[in-house]
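Visitor: dropping a prediction and its sequence here:
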Amino acid sequence: MPDTHVVTNQVPPPENYNPATSPVLTEALIREGGEWGLDEVTELGALSGSRQAQRWGAQDPGYQQEPEPQQQVVYQQAPPAPAAEEDPIAKLKELAALRDQGILTDQEFADQKAKLLA
């Protein structure tokens, strides 16, 4: 799929960033009794945020720089159901009722009857 536009408002991936230096993470570790692991967390954070770790990720065959676009689902409207064949007897009864009520004249009834039976 061709690009539709260039995205310029994206932050570049952090390089040489240690997420373990976050004061919130440090405070949470100390508060929850994990102060003993602070050095290991800091070391792991430095490794995970390093430029080398980013290269390792890019070398992974399953790594994707940009997410693949999701397949667009196209829904099609179902075709209209074929018109049901009207029962000519029922239609004749309906026309006769209209004639008996004075809505149709005898000539109009005869014309419609001829069309139905043709």
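Guide: Perfect, I can see it now. Numbering: from 1, shown residues only.
Visitor: same for the helix or strand of the chain with the lowest mean pLDDT, what does it pack against?
Guide: One helix or strand of the chain scores below all others by mean pLDDT, DSSP states H and E: helix 51-59, with a mean of 81. Packing partners of helix 51-59 (3 or more Cβ pairs under 8 Å, 6 or more residues apart in numbering; DSSP states H and E): none among the helices and strands. Backbone N, C-alpha and C define where each C-beta goes, glycine included.
Visitor: buried residues in the helix or strand that comes right after that helix?
Guide: Next helix or strand after helix 51-59 toward the C-terminus (DSSP states H and E): helix 88-100. Residues of helix 88-100 classed as buried by neighbour count (16 or more other Cβ atoms under 10 Å): L95, R99.
Visitor: outside of helix 88-100, which residues touch it?
Guide: Applying Cβ atoms under 8 Å, 6 or more residues apart in numbering, the contact partners of helix 88-100 are L104, T105, D106, E108, F109, Q112, K113, L116, L117.
Visitor: tell me which element the first one is part of?
Guide: Per DSSP H and E, L104 falls between elements, in no helix or strand.
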